[in-house]
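S.K.: Model the structure of this input:
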Amino acid sequence: MRKHLALVLLSTFACASPDTDVQLGETEQSATTPLRQKALGRMRNAAKYFHDNVARHGGYAWHQNATNLDERWGDIQLDVDQIMIQSPGTSDVTIAFVEAALADPATPALKTYALDAAMALRQGQVKSGGWRLYADFKPTPTLRGCYLNTTASCGCGGCTMTVYDDQVTQNALIAMMRTDQLLGFANTDISGASAYARARVETSQFPTNGGFPQGFAGPVAARPALSASYPPSIGTSCGLANCYANSYTNEYWDDPTLNDNLATAFVEMLYWAKEIYPSQAPTYQSMRTAYGDFLRRAQMPQPQPAWAQQYDIQMQPRWARSWEAPAIAGQESQDVMWALLRLYQLDPGVPANRAAVGTALAYLETVDHDNNTLISRYIELDDTAPSNIGFYTVKAGGYPAQFSLAPPTYQNYGWEGPSQLAAIRAEYDRLATDTTVMKRSCQQLRADTAQAVDTAVNNERWITTYSPGGPRSGATPGDYLDTSTFVRNMRTLAEFVTRTTTDCTAWNY
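M.R.: Numbers count the residues shown, from 1 in each chain. I've put the predicted structure just below:
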């Protein structure tokens, strides 16, 4: 699990507020204001620069050295034939190009850029149906994958596995589906890749149970629809994580998981599938409903009605890797609450989804800390004592790391994270009377657009100063083209261009 959180959450609940500053009758003026024209220009220029100069085989890394664009990094260093699928990589860039093309149909090159990135994703699709963290275009890949379209014989063990962890397959499939729609379902390569993935995603949801594993190599077996419960203690005075057994019949990646914000990613994947392919809408609606049922059953009972990172076959929190204890997981609990609120927004006829969030908030609002700005990654099970918030792993072979301040023993893991509980509470309250889609306010959108416009170097790229550490400590310090910055700014510009002809008024500088 990485400290980096996936960039692409296609709903904007966490940072939004109700849009109340719409003024009617001003769309004609908005379409010609200087800021809108600048936004269009930056969007076109930045897309062209990124596509023409930064892409390798149509795909992208996370960080590209601005002076030497062949120095490319994801969570490892990549050569010129390797790309990142995982966010903020090629999937996110594809979506940014799609949204730019929809905002600016007068620039057909944007559609070409989206197609090129989607074709790079197609190269990385594996035979089990989805995607892995990387794709390698070499005839003999060093980042091996059992690639659907290029690998003749798959003798590489785990490389047959489709990865859901870190939202890899969910975001790649969203990108593929949205490109398919952008192209009018006329490109057989893109349509075929989307159909192949969707058919196999359907068989990866646990029948009856409704959850998903961290990944799959084939169809998964049914599991009972159990409600979450606390694992039995194996001692009476152990006090901490060693109270819980760590021997299981299944590998953790084959069990239902919420690790690394997968809940919102699954909801958005199923949302787009239903929207884009209406002939199969009943299937995707059924899958979405089953997933909401799973999320509610995965909520722990009192006294800690929140969520764990990983569950075993009995729907009890379990160990994953040697430092990932059975515990209440602060980050994952926040993500599940966003997912349930999104499900409620999509279908207010299931009030239980919103109600589960209210129950969780009442508990979690008592355990975030540092003036309610931080939440612990792990909170001791069945014990709300403050002394047990931030406890030690004791599983054999585990890191002797305290789950509070980031320890020196493992740099690439966040033991605390930002508390989103205030934003979740605001959205929970809003949905009591307003179930429209939450948007960025027009005022905030204008400010974000102005920043993207003003910070573009030569009106075509955004520079990030990078001081590498951890697994990327070998990178050259200095200026980089950061993919997450490109995607964030491109999507902001596309939203601004679109909404200044619909519900927002653009302001002059």
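
S.K.: List the contacts of D482.
M.R.: By Cβ atoms under 8 Å, 6 or more residues apart in numbering, the residues touching D482 are W62, H63, W462, T464, Y466. C-beta coordinates here come from the backbone N, C-alpha and C atoms, glycine included.

S.K.: Just the buried ones from the residues you listed?
M.R.: When the contacts of D482 are checked for burial by 16 or more other Cβ atoms under 10 Å, the buried set is W62, H63, W462, Y466.

S.K.: List just the nearest of these to A222.
M.R.: W62 (37.8 Å; Cβ to Cβ).

S.K.: how close does the closest one sit to N53?
M.R.: Per Cβ to Cβ, to the nearest Å, W62 is found 16 Å from N53.

S.K.: Same question for A39.
M.R.: 21 Å.

S.K.: ok, the two, which is more surrounded?
M.R.: A39 (27 against 12; other Cβ atoms under 10 Å).

S.K.: That one: which element?
M.R.: Applying DSSP states H and E as the criterion places A39 in helix 34-49.

S.K.: quick one: T33 and V497 touch, right?
M.R.: No: T33 lies out of contact with V497 (Cβ atoms under 8 Å); the separation is 11.3 Å.

S.K.: more crowded one of the two?
M.R.: V497 (22 against 17).

S.K.: and that one, what is it in contact with?
M.R.: Neighbour list for V497: R36, A39, L40, M43, A103, D104 [criterion: Cβ under 8 Å, 6+ apart].

S.K.: between these, which is closest to N372?
M.R.: Using Cβ to Cβ, A39 comes nearest to N372 of the contacts of V497, at 35.3 Å.

S.K.: State the number of residues packed around L361.
M.R.: Neighbours of L361 (other Cβ under 10 Å): 19.

S.K.: Relative to the whole chain's centre, how far out is the following helix or strand past the helix holding A39?
M.R.: Proceeding C-terminally, helix 34-49 gives way to strand 63-65 as the next helix or strand, assigned by DSSP H and E. Here strand 63-65 shows a centroid-to-chain-centroid distance of 21 Å under the convention Cα atoms, centre = their mean, to the nearest Å.

S.K.: Which secondary structure elements does strand 63-65 sit against?
M.R.: Applying 3 or more Cβ pairs under 8 Å, 6 or more residues apart in numbering; DSSP states H and E, we find strand 63-65 packed against strand 72-73, strand 478-482.

S.K.: which SSE is the closest residue to A298 other than its chain neighbours in?
M.R.: Spatial nearest neighbour of A298, chain neighbours left out: A228 (5.1 Å); criterion: Cβ to Cβ, 6 or more residues apart in numbering. Here A228 is covered by no helix or strand, with elements defined by DSSP H and E.

S.K.: T449 versus A228, what's the distance?
M.R.: From A228 over to T449 the distance is 43 Å, taken as Cβ to Cβ.

S.K.: Tell me which of these two has more neighbours.
M.R.: Set A228 next to T449 and count neighbours by other Cβ under 10 Å: T449 wins out with 27 against 19.

S.K.: Can you classify that one by secondary structure?
M.R.: When classified by DSSP: H, G, I helix; E, B strand; the rest coil, T449 comes out as helix.

S.K.: who's in contact with it?
M.R.: The neighbourhood of T449, defined by Cβ under 8 Å, 6+ apart, consists of L35, A39, T492, L493, F496.

S.K.: most neighbours, which of the residues you listed?
M.R.: Result: L493 is most packed of the contacts of T449 (other Cβ under 10 Å), 30 neighbours.

S.K.: Quick check: the gap between it and T33.
M.R.: Counting by Cβ to Cβ, the gap from L493 to T33 is 14 Å.

S.K.: Report the mean confidence score over stretch 295-310.
M.R.: Mean per-residue pLDDT for stretch 295-310: 95.

S.K.: likewise stretch 155-171?
M.R.: Taken as a whole, stretch 155-171 carries a mean pLDDT of 90.

S.K.: and if you look at stretch 268-287?
M.R.: 98.

S.K.: From the rest of the structure, what touches it?
M.R.: So stretch 268-287 is contacted by 9-11, 170-171, 173-174, 177-178, 180-181, 198, 201-202, 205, 288, 291, 342, 346 (Cβ under 8 Å, 6+ apart).

S.K.: What about these, which are in helices?
M.R.: Residues of the contacts of stretch 268-287 located in helices (DSSP state H): 170-171, 173-174, 177-178, 180-181, 198, 201-202, 288, 291, 342, 346.

S.K.: between these, which is closest to T90?
M.R.: The nearest one, if we look at these relative to T90 and count by Cβ to Cβ, is N171, at 9.5 Å.

S.K.: Please name the spatially closest residue to the closest one (chain neighbours excluded).
M.R.: Nearest residue to N171 in three dimensions, chain neighbours excluded: S91, at 4.1 Å (Cβ to Cβ, 6+ apart).

S.K.: quick one: the one you found and L121 touch, right?
M.R.: Yes: look at S91 against L121 with Cβ under 8 Å: they come within range, at 6.5 Å.

S.K.: before we move on, the earlier item: please identify the most buried of the helices and strands packed on strand 63-65.
M.R.: Highest mean neighbour count among the helices and strands packed on strand 63-65 (mean count of other Cβ atoms under 10 Å): strand 72-73, with a mean of 23.

S.K.: gap between that strand and the chain center?
M.R.: Worked out by Cα atoms, centre = their mean, strand 72-73 lies 20 Å from the chain centre.

S.K.: what packs against that strand?
M.R.: strand 63-65.

S.K.: if I look at the closest residue to E71 other than its chain neighbours, how far off is L143?
M.R.: Counting by Cβ to Cβ, 6+ apart, E71 lies nearest to N65, which is 3.8 Å off, once chain neighbours are set aside. N65 is 20 Å from L143, where distance means Cβ to Cβ.

S.K.: Next: L35.
M.R.: The gap separating L35 from L143 is 42 Å, by Cβ to Cβ.

S.K.: and what of Y480?
M.R.: 21 Å.

S.K.: and the residue nearest to E71, what are its bridge partners?
M.R.: Y480 (DSSP bridges).

S.K.: pretty sure it is in contact with R472, am I right?
M.R.: No: checked against Cβ under 8 Å, the pair N65 and R472 is beyond contact range at 11.6 Å.

S.K.: more neighbours, these two?
M.R.: Applying other Cβ under 10 Å to N65 and R472 shows that N65 carries more neighbours, namely 19 against 16.

S.K.: quick one: pLDDT of that one?
M.R.: For N65, the model assigns a pLDDT of 95.

S.K.: With S473 instead?
M.R.: Per-residue confidence for S473 comes out at a pLDDT of 76.

S.K.: quick one: it from A228, how far?
M.R.: 39 Å.

S.K.: Confirm for me that D165 is in contact with Q214.
M.R.: Yes: using Cβ under 8 Å, D165 makes contact with Q214 at a distance of 4.7 Å.

S.K.: and the residue nearest to A298, what does it touch?
M.R.: R297, A298, Q299, M300, P301, W307, A308, Y311, M315, Q316, P317.

S.K.: Same list, those, but as JSON lines with neighbour count and secondary structure please.
M.R.: Formatted as JSON lines, the contacts of A228 follow (neighbours: other Cβ atoms under 10 Å; DSSP: H, G, I helix; E, B strand; the rest coil):
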{"residue": "R297", "neighbour count": "18", "secondary structure": "helix"}
{"residue": "A298", "neighbour count": "26", "secondary structure": "coil"}
{"residue": "Q299", "neighbour count": "21", "secondary structure": "coil"}
{"residue": "M300", "neighbour count": "23", "secondary structure": "coil"}
{"residue": "P301", "neighbour count": "11", "secondary structure": "coil"}
{"residue": "W307", "neighbour count": "27", "secondary structure": "coil"}
{"residue": "A308", "neighbour count": "33", "secondary structure": "strand"}
{"residue": "Y311", "neighbour count": "27", "secondary structure": "strand"}
{"residue": "M315", "neighbour count": "23", "secondary structure": "coil"}
{"residue": "Q316", "neighbour count": "20", "secondary structure": "coil"}
{"residue": "P317", "neighbour count": "24", "secondary structure": "strand"}
